[in-house]
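Chemist: Quick one, structure for this:
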Amino acid sequence: MSFSKLIAQDAALIQARLDRAMSGLANEPVTQAMRYAANGGKRLRGFLVLESARMLGINPEAAVSAAASVEALHAYSLVHDDMPCMDDDDLRRGQPTVHVKWDEATAVLAGDALQTLAFELLCDPALGSAEIRIGLVAGLAQASGAAGMVLGQALDIAAETADTPLNLDQITRLQSGKTGALIRFSAEAGAIIAGQDRKALRAYADCLGLAFQIADDVLDVVGDATKTGKRVGKDAEAGKATFVSLLGLEGAQTRARDLVAQAEKHLLPYGKRAVNLIEAAHFVISRES
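Modeler: Model prediction:
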């Protein structure tokens, strides 16, 4: 099966699990906003969960609650990041952002509810023993909290009013939290479920997450808003330091390619079983959205 078909197949599986998790909720504005925010997207993080599990002999059906959990957590982060007090975006995946379609209070509550849904999904007995589920809960909490994604977002907001632009090391640290931490957990999740060592997957994911963010910075410069589904050129307008502003467009693209090559090397212990994770790394820097 081609990579494009596989990631689409996994996305459909993840969406069905999210729909099932929210099927019993009352039809109120906040739950409507939850369903809206959790619908669509590339599902790359969820794919990493399923593919790392599949590579280690775990059936995707047994891991899908973890994949849906990551995507619910990611959806919450986007809802909150898009709000006026954060990145102030009015377009996401080609559609109005949640606070624009509803209001700011609904957006806050929908994001909060998606975050709690993420941890509820990790309680699914299909994921394995209590020890495995606790490991997943702890991993997601660390990746998304004050040592991971939330810290990265806080550093990003602080940079907007800093006296001097961030340097390359500071941006790398920022993005390791804001973008990289959840990608790292997603790639490790299969190993947690399978009860296997995750060092190689963590190293792979560290390279992948950074390449992903560099590709985002590149798209903000050369991307087409009709394809990205969000406004482009915002970083330059805000005078924000990015990998492109520090390395130049060509330098940033070269750095992303180098990171993909490093990511591939970290997967060598898995041999041919890692082919789809390698494809994912190439997808990250070739995507148009």
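
Chemist: Can you pull the phi/psi pair for residue 242?
Modeler: Residue 242 has phi and psi values of phi -140, psi 180 when expressed as degrees, to the nearest 10.

Chemist: roughly how far apart are it and residue 259?
Modeler: Computed as Cβ to Cβ, to the nearest Å, the residue 242 to residue 259 distance reads 16 Å. Bear in mind the C-beta positions are built from the backbone N, C-alpha and C, glycine included.

Chemist: How about residue 93?
Modeler: With Cβ to Cβ as the criterion, residue 93 and residue 259 are 25 Å apart.

Chemist: which of the two has more neighbours?
Modeler: residue 259 (23 against 16; other Cβ atoms under 10 Å).

Chemist: The residue nearest to the more buried one when sequence neighbours are not counted: how many residues sit nearby?
Modeler: Distances taken as Cβ to Cβ, 6 or more residues apart in numbering put residue 211 closest to residue 259, at 4.0 Å, once the chain neighbours are dropped. Neighbourhood size, residue 211 [other Cβ under 10 Å]: 25.

Chemist: List the contacts of residue 211.
Modeler: 256, 259, 260, 263, 281, 284, 285 (Cβ atoms under 8 Å, 6 or more residues apart in numbering).

Chemist: For the stretch 151-289 of the chain, which segments are assigned as helices?
Modeler: Shown for the stretch 151-289 of the chain, the helices assigned by DSSP state H, counting those that start in this stretch span residues 168-175, 181-194, 199-222, 225-228, 234-237, 243-247, 249-266, 275-286.

Chemist: The third one - what's its average pLDDT?
Modeler: This points to helix 199-222. For helix 199-222, the mean per-residue pLDDT is 95.

Chemist: Name the residues of that helix that come out as buried.
Modeler: 200-201, 203-220 (16 or more other Cβ atoms under 10 Å).

Chemist: Now do that helix against helix 168-175, angle only.
Modeler: Orientation check (axes from the mean of the first three to the mean of the last three Cα atoms, to 10 degrees): helix 199-222 against helix 168-175 gives 110 degrees.

Chemist: my guess is residue 15 contacts residue 39, does it?
Modeler: Yes - under the criterion of Cβ atoms under 8 Å, residue 15 makes contact with residue 39 at 7.1 Å.

Chemist: Between the two, which is the more surrounded one?
Modeler: residue 15 (18 against 13).
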